[in-house]
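Asks: Kindly generate the corresponding structure for this input.
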Amino acid sequence: MAISATATQEFVPIKEVREGTIVLKDGGLRAIIAVSSVNLALKSSDEQIATINQFQSFLNSIDFPIQIVIQSRRLDIRPYLLMLEGKMKDQHEPLLKLQTAGYISFIREFTEQVAIMRKYFYVVIPYEEAAISTKKGFLGGIFGNKQSGQTKQMAENASFEEKRTQLDERVSVIANGLGSVGARTERLQTEEVIELFYKTFNPGDIQPAVKLAEVVNQ
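Replies: So this is what the prediction gives:
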């Protein structure tokens, strides 16, 4: 039995992605930042201990929850092969051209047999609005439901901006904390957030859509 798109969307708690911010159906906001890895193996023993202690202090200093997501994704090798083919065409030395062709053939055959995976690291930062009493006075009960559509939209926009300001402050706290241990961070924008969710729900699709967070390639 086929499942309709509407029924599937009911399981996704996202209302919209607005200005790089995820708006949930319950009114909560989420921001996602991409984080580079830190190679502890290249550090001395003292540096490793210092980095771990710094990360521990950073986690202990956070007074709100975060979610750390590690996503493994198949590496798209096609751009690399296209680059090699371009260099092969520009090569005038017959022997070097032959060797480049052999290398391209080897890479293509190897990647067809072995799935080369790459790990991406993300931190999801939430903001939930504090519970507000819904009780209304007598006049509020009479006039509270007679707001015009424009007035309601203005109120929603003001609420969004206020909550987003609080969320941005949390993003800065996380970015600064991760930067203290040597990790680079970049906040995902609207198209990058959409791409991330698309690839999460379609893990077999390696088609490059929007280039995700250049920070991971630096």
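
Asks: Please count neighbours and contacts with C-alpha atoms only from this point.
Replies: OK.

Asks: Tally up the residues packed near Val122, please.
Replies: Wrong residue type there; residue 122 is Tyr, not Val. Residues lying near Tyr122 (other C-alpha atoms under 10 Å) number 19.

Asks: Now do the SS call for it.
Replies: Recorded secondary structure, Tyr122: strand (DSSP: H, G, I helix; E, B strand; the rest coil).

Asks: Likewise for Arg118?
Replies: Assigned with three-state DSSP, Arg118 falls in the strand class.

Asks: Spit out the contact partners of it.
Replies: 72-75 (C-alpha atoms under 8 Å, 6 or more residues apart in numbering).

Asks: If it is in a bridge, with which residues?
Replies: Per DSSP bridges, the residues bridged to Arg118 are Arg73.

Asks: State the distance from it to Ile104.
Replies: Here Arg118 is placed at a distance of 20 Å from Ile104 (C-alpha to C-alpha, to the nearest Å).

Asks: for Thr21, same thing?
Replies: According to C-alpha to C-alpha, Thr21 stands 41 Å off from Ile104.

Asks: Tell me which of these two has more neighbours.
Replies: Legend: neighbour count by other C-alpha under 10 Å for Thr21 and Ile104, higher for Thr21 (21 against 18).

Asks: what mean pLDDT does the helix ranked longest in the chain have?
Replies: Under DSSP state H, the helix in the chain containing the largest number of residues is helix 149-179. In this model, helix 149-179 has a mean pLDDT of 86.
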